[in-house]
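# Please find the sequence and the predicted model below.
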Amino acid sequence: MIKNTSNTRRVMLAVTETSSIHDLWRVAIQHLQGEHAELITVLVRDDRWRRAASLEFTEEISRAGGGSVSFTLQRAEEVDRDAVMRTQDRLQQLAMKAKIQLAFEILAEHEATRLHEFVRSESDLLIVPSFFKGRPFYSELARLKCRILLVDAKDVTAERENYLE
């Protein structure tokens, strides 16, 4: 549950399942030090899993055996659930280590307008990975009435794709 203390500045950290959480966390902690502020982490779920699963020709290739199976909506939801759990666990570990109470929210990309609910004042800060600029929901982030800090944090998916090329 998110506190509603009007004199407390909010630092919001938006991540995806593929964000380099360590880089973003470090920046968020720097902005929390020495101030009366609360941290809200928002996982922006990638809608592309569901879109891919809706295509009849989409297949998942096994890493171990190289075989393939249809990539169904049920499998997309399973992949999504696992990614959310891993991200939340990692953030929980970092919060415990820093002795910070973790407020964790989950939004799908198509729910980006809900971010307005978290912003209370222009002094609030939203920290996002710079690769968000290339995503369709970024236009909604730009409308928020708070400061936005773009961090050059790696997108782990892009990093893996570059490695495989």
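Thanks, I have the structure now. In this text the structure is predicted, and so the values were computed from the model without any measurement.

# for this protein, which spans come out with low pLDDT?
1-7, 35, 153-165 (pLDDT under 70).

# what about the strands in it?
Listed in chain order, the strands of the chain (DSSP state E) span 9-15, 37-45, 59-61, 68-70, 103-108, 125-129, 147-151.

# got those strands as a markdown table, with mean neighbour count columns?
C-beta: built from backbone N, CA, C; applies to glycine. Output for those, formatted as a markdown table (neighbours: other CB atoms under 10 Å):
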| stretch | mean neighbour count |
| --- | --- |
| strand 9-15 | 23 |
| strand 37-45 | 21 |
| strand 59-61 | 12 |
| strand 68-70 | 11 |
| strand 103-108 | 16 |
| strand 125-129 | 23 |
| strand 147-151 | 16 |
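
# List just the one of those strands that sits closest to residue 87.
strand 37-45 (5.5 Å; CB to CB).

# Turn the strands of the chain into CSV, columns for distance to residue 135.
Putting the strands of the chain into CSV (distance: least, CB to CB, whole Å) gives the following:
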stretch, distance to residue 135
strand 9-15, 11
strand 37-45, 8
strand 59-61, 23
strand 68-70, 27
strand 103-108, 12
strand 125-129, 10
strand 147-151, 12
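
# in the lengthiest helix in the chain, what's buried?
Taking DSSP state H as the criterion, the chain has its longest helix at helix 73-98. Buried residues in helix 73-98, counted by 16 or more other CB atoms under 10 Å: 75-76, 79-80, 83, 87, 91, 94-95.

# So which of these is the closest to residue 43?
residue 87 (5.5 Å).

# which helices and strands does the longest helix of the chain pack with?
helix 21-32, strand 37-45, helix 48-53, strand 103-108 (3 or more CB pairs under 8 Å, 6 or more residues apart in numbering; DSSP states H and E).

# re the thing from before, among the buried residues of helix 73-98, which one sits closest to residue 51?
Using CB to CB, those come closest to residue 51 at residue 76, 8.8 Å.

# who touches the closest one in this structure?
Neighbouring residues of residue 76 by CB atoms under 8 Å, 6 or more residues apart in numbering: 49-50, 52-53.

# can you name the two of those residues that are farthest apart?
Largest pairwise distance in the contacts of residue 76, by CB to CB, is 7.3 Å, between 50 and 52.

# if we can go back for a sec, can you select the buried ones among the contacts of residue 76 for me in PyMOL?
Buried members of the contacts of residue 76, defined by 16+ other CB under 10 Å, are picked up in PyMOL with:
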select buried, resi 49+52+53
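
# okay if I get the contacts of residue 76 as JSON lines plus distance to residue 105?
Converted to JSON lines, the contacts of residue 76 look like this (distance: CB to CB, whole Å):
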{"residue": "49", "distance to residue 105": "19"}
{"residue": "50", "distance to residue 105": "19"}
{"residue": "52", "distance to residue 105": "24"}
{"residue": "53", "distance to residue 105": "24"}
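
# Since that was my last question, I'll sign off now.
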